[in-house]
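>>> got a predicted structure plus its sequence, pasted below:
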Amino acid sequence: MLDRLFWEDYDDSNDGIYSAVSRVREVLRDEMTYTETPSEAPGGEDPLTWFLTGGREGNAVQYASAAAMALRAHGIPARYCEGYLLTAAQVQAAEGGAVTLTGANAHAWCEAYFDGVGWLPVDVTPGFYYDALALQQLVAMPDSIRRTAAMEDAGDAAGEVAQTDDSGADRPDGLLDGTVYPPELLLGVLALLLILASLAAAALEGTLLLCRVRALSGFKHASPEQRARLLAWWGQHILAARGVEATIGWHTEETDAKLAEMIDTVNPGEYRRVSGLLEKAIYGGIALKVYEERAVYSLLDRLYHAPAPDFATRRRLHYLLLAQLGYARAEKL
C-alpha cells in the first residue's frame, strides 16, 4: 500500500533523502486533509491504514506516522517522534525571557537518518514545514555544465543552410553562390574569421580568469557554512563533469570505491571521509576546522586536475568556473 501511494510513479532520477521527503510531503498534502481532531478508525481497522485509504484526514500524529513508514518503505531509516514545538516567533516574542509550553504546543514529527550525521527532524504536517535538509539547493541545482556543452556542440550546425543548384546538388549559401571572387578577397575573409575566432577565444579565457579570481575571493570572505556549501557544490560538479553522479550522504561507499579505482591520486576512504566532513558542516551546522577544510580542498583539487579520459571531459572541467559564477549569482538571489 505504501509503495502504491507514495512510490509507484516517483521519479527517482535524482533520488536522495531530500527528494524522497519532498515526495512524501507532496502526496500527503494532495491526498490528505489536516484537522486537529480527526475521527477515529472503525473498530478493528488499523489507524494508519484508515488514515491513508479511508478517513484521509488526520493531525500531526497521523502525518508523522505515515511519513516514517513511507520513508522506511523506500529504504530510508526513519522514526516517529513526539514532543513540544517551540517556534522562532515564540522565542523572538519572548525577548530573552522564558517561554511557557503547554499541551497546545504538543506536536509529532518524523526523523530520518543521515550517514555520518545521525537523526535529523523532518516535518511533513501542513503548516509546520521547515527546511531540515540543508542540501536542498545542491540537490536541485541544474546540471548547467552539461547543458552548456550541449549548446556549444550544436552551435555551429545551427547556422548552416544549404541550397540546391540547377543540377540538384547541395551547395552552401553565402559567398560561394556561384560568383567568382579574387583569391585575395577569400584570403581576407578567412583571415578576418580567424581574427574574430581568436578574439572570442581570448574573451572567453579572460572571463574564465575573472571567474577564478571572483571564486577565490568569494571563498576567502565567505562564512564557514558558505564555504562548506561551496566545497560541496564544487565536488558534486567536478564529479558530474567526470561522469560520476554523486550527492553528499548518498551511496557514499560506492562512490568512494569508484573514485579510488578511476583516479590514481585518490586513495580508498578519502571520499568517504570528505563526504562525512561536509555532512557534518552542512547538515549538522558544525564549522570545519582548518585542517578539515584543507583535506576537503586537497581532494577536490586532485579530482579537478587529474588527467581527463577524453576531450569532452577536459572541456567540461575547463568551463566549470562559468557554472560556478552562475551558482554564486543564484546564491545572492
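Received it, and whenever you're ready, just let me know what you need.
>>> pairing partners for the helix or strand that His107 is a member of, with directions?
In the assignment (DSSP states H and E), His107 maps to strand 106-114. Taking DSSP bridges as the criterion, strand 106-114 forms sheet pairs with strand 78-84 (antiparallel), strand 118-122 (antiparallel).
>>> skip ahead from the first one and say which helix or strand is next.
Per DSSP H and E, the first helix or strand lying C-terminal to strand 78-84 is helix 88-94.
>>> CA atoms of that next one as CSV?
What follows is helix 88-94, C-alpha atoms only, in CSV (Å, rounded to 0.1, in the frame of the first residue of the first chain):
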residue,chain,number,x,y,z
ALA,A,88,11.4,31.0,16.3
ALA,A,89,8.5,33.5,16.5
GLN,A,90,7.8,32.5,20.1
VAL,A,91,11.5,32.9,21.1
GLN,A,92,11.6,36.3,19.4
ALA,A,93,8.4,37.5,21.1
ALA,A,94,9.8,36.5,24.5
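>>> how about residues contacting it?
Val99 (Cβ atoms under 8 Å, 6 or more residues apart in numbering). For the C-beta atoms, the positions are set from N, CA and C on the backbone; glycine is no exception.
>>> what residues sit buried inside it?
Buried positions in helix 88-94, judged by neighbour count with 16 or more other Cβ atoms under 10 Å: none.
>>> spell out, range by range, the strands that occur in the stretch 51-200 of the chain.
Remark: strands assigned in the stretch 51-200 of the chain by DSSP state E, counting those that start in this stretch are 57-58, 78-84, 106-114, 118-122, 162-164, 170-172.
>>> domain parsing for this protein?
2-133, 144-150+176-332 (automatic domain parsing).
>>> can you list those in TSV and add mean pLDDT?
Shown next, in TSV, are those (pLDDT from 0 to 100):
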stretch	mean pLDDT
domain 2-133	86
domain 144-150+176-332	74
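>>> quick one on the thing from earlier: could you list the buried residues of the strand holding His107?
By 16+ other Cβ under 10 Å, the buried positions in strand 106-114 come out as His107, Ala108, Trp109, Cys110, Glu111, Ala112, Phe114.
>>> export the residues you listed to JSON lines and append columns for distance to Ala240.
What follows is the buried residues of strand 106-114, written out as JSON lines (distance: Cβ to Cβ, whole Å):
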{"residue": "His107", "distance to Ala240": "39"}
{"residue": "Ala108", "distance to Ala240": "38"}
{"residue": "Trp109", "distance to Ala240": "33"}
{"residue": "Cys110", "distance to Ala240": "30"}
{"residue": "Glu111", "distance to Ala240": "30"}
{"residue": "Ala112", "distance to Ala240": "25"}
{"residue": "Phe114", "distance to Ala240": "21"}
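>>> burial measure for the closest residue to Thr265 other than its chain neighbours, as a count.
In space, and not counting its chain neighbours, Thr265 is closest to Arg302: 4.6 Å by Cβ to Cβ, 6 or more residues apart in numbering. Neighbour count for Arg302, taken as other Cβ atoms under 10 Å: 17.
>>> and the contacts of the strand holding His107?
17, 21, 59-61, 63-65, 67-68, 71, 76-85, 119-125, 128, 249, 279, 283.
>>> so how do I select the buried members of the residues you listed in PyMOL?
Buried residues among those (16+ other Cβ under 10 Å), as a PyMOL selection:
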select buried, resi 17+21+59+60+61+63+64+65+67+68+71+76+78+85+120+122+123+124+125+128+249+279+283
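>>> hey, where'd the helices end up in the stretch 101-250 of the chain?
136-140, 144-158, 183-221, 224-241 (DSSP state H, counting those that start in this stretch).
>>> give me the element the residue nearest to Thr265 is part of.
Counting by DSSP H and E, Arg302 is found in helix 290-305.
>>> helices and strands around that helix, which ones?
helix 224-241, helix 270-282 (3 or more Cβ pairs under 8 Å, 6 or more residues apart in numbering; DSSP states H and E).
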